[in-house]
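In: Sequence and predicted structure below; questions after.
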Amino acid sequence: MDDTQPKKILVIDDEIYIRDSVIGFLEDFGFEVIDAENGRIGLEKFESQKPDLVLCDLRMPEMDGLEVLANVAEKNPKIPIIIVSGAGNISDTVEALRLGAWDYIIKPIQDMTVLYHAVNKVFERAEFIEEKHQYRRDLEKANVELKVSLETLEHARDQLVQSEKMAALGELVAGVAHEINTPVGVGVTAASFLDAKTTEFKKVYSAGELKRSELENYLQTVEEVSNSILINMERAAELISSFKQVAVDQSSENRRRFNLKQYINEILLSLRPRYKKTGHTIEVICEDNIELNSFPGAFSQILNNMIMNSLIHGFEGIEKGQIRIEITRAQGMIHFVYKDNGNGMTPEQKEKAFDPFYTTMRGKGGTGLGMSIVFNLVTQTLKGSMECESTEGQGACFTMIFPEHWEQG
């Protein structure tokens, strides 16, 4: 054996000449051997000496081998026991094996090498069992550590996703605020102009010098300016309404009923400040009457991430990019196809397109979560599927299929 400490074997047999021959043989092979002349003494030495193996006869006074086997198995089931049985005690041997004996040897032992091989085989089996138990303990420990790591990773991912949502919401606020400045500014200017004209008109009227032509000019001015104010205030109100609904949906996970085309147009309106000064265009092809009972916030995030992915990655170095969103429905399913004519992806980029934290903008502000968020929203929140087709230099196409009406379960 390779162990630095010799294995300890307890030999229990009431025939002294058998004990002596077995002891001498095993000691020649480096084993430490202790012996007992009956089962009762054997059990006492088992508890005091802590052997690694018990070699036990069946027929003994005071306590037979089956009782020894039962007691040893109860005290320490991991300790191997080899039963030594006479040729006429086969039924007892079978019973001993049923109770947990590891092996048996028929005596008288004609060839002692049989004993050596039996002992080594039992020790090898015991070592294998211990290795298996240790492997299981290590595996359980690794599973616990993995579970903790997974929970930590999920918590970190949730925080990153929330940060990404808030960052997108912040950009939406800034963009819409800038967009609202134009109609509000025009409205304020027009109102100031009208106020000045009204002040002048009052002076002329108070002086009793009002002419019909001046009245007509004033009324025409009022009509034109008030119409300008109305158009610009309606534009501002439209922007605010669109922003309010998209912002609420983007920061919540509530389900409601909505018209898909109208909602997509609201999302695009809120995103317009991000691309209006570029040469890029977005085309939406969708039926007017598709009503969904689903999660508008998910659609807002999906469209926001995909459009920004095209603007940042797909159209890098391209002045006039085109985005085409085509939506159809068939047999209760929505087919949502998003295409751009941008740079496309290499096979490696396409393979990792939905992997979390994968980005070609490492160090430039890219988190690598955008398309991973989209994939999870489509497959988990909307209970659908998503595929990507892309060739380098020929744009990208994302096909999403999900139920028209979301159902629990």
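Out: Arrived safely, thanks for sending. If you're wondering where the values come from, they're calculated on a predicted model, not measured in any experiment.
In: Please enumerate the helices of the stretch 251-400 of the chain.
Out: 260-275, 296-309, 347-351, 370-376 (DSSP state H, counting those that start in this stretch).
In: Let me see the confidence value for the closest residue in space to Lys50 that isn't next to it in sequence.
Out: Of all residues not flanking Lys50 in the chain, Lys8 sits nearest, at 7.3 Å (CB to CB, 6 or more residues apart in numbering). From N, CA and C alone the C-beta is placed, and that goes for glycine too. pLDDT for Lys8: 92.
In: Tyr205 too?
Out: pLDDT, Tyr205: 85.
In: number of nearby residues for it?
Out: Other residues near Tyr205 number 13, with proximity taken as other CB atoms under 10 Å.
In: show me where the stretch 101-250 of the chain has helices.
Out: Using DSSP H, counting those that start in this stretch, helices in the stretch 101-250 of the chain cover 112-206, 212-250.
In: Now do the residue positioned nearest the centre of the chain, the pLDDT please.
Out: Centroid-nearest residue in the chain, with CA atoms, centre = their mean: Glu154, separated by 6.7 Å. As predicted, Glu154 sits at a pLDDT of 73.
In: how far away is it from Val148?
Out: Distance of Glu154 to Val148, given as CB to CB, to the nearest Å: 11 Å.
In: what's near enough to touch the spatially closest residue to Glu95 that is not a sequence neighbour?
Out: Distances taken as CB to CB, 6+ apart put Leu66 closest to Glu95, at 6.5 Å, once the chain neighbours are dropped. Neighbouring residues of Leu66 by CB atoms under 8 Å, 6 or more residues apart in numbering: 58, 92, 95-96, 99.
In: What is the least confident helix or strand in the chain?
Out: helix 212-250 (a mean of 74; mean pLDDT, DSSP states H and E).
In: Could you list the low-confidence segments of the stretch 301-409 of the chain?
Out: By pLDDT under 70, the weakly predicted segments of the stretch 301-409 of the chain are 356-369, 407-409.
In: Quick check: Ile83 touching Asp103?
Out: Yes: the criterion here is CB atoms under 8 Å, and Ile83 meets it with Asp103 at 7.4 Å.
In: These two: which has the busier surroundings?
Out: Ile83 (26 against 17).
In: Got phi/psi on the more buried one?
Out: phi -90, psi 130 (degrees, to the nearest 10).
In: who does it bridge with?
Out: Under DSSP bridges, the beta-bridge partners of Ile83 are Cys56, Tyr104.
In: Give me the pLDDT value at it.
Out: The predicted local confidence for Ile83 is 87.
In: show me what contacts it?
Out: Listed by CB under 8 Å, 6+ apart, the contact set of Ile83 reads 56-58, 65, 69, 93, 96-97, 101, 103-105.
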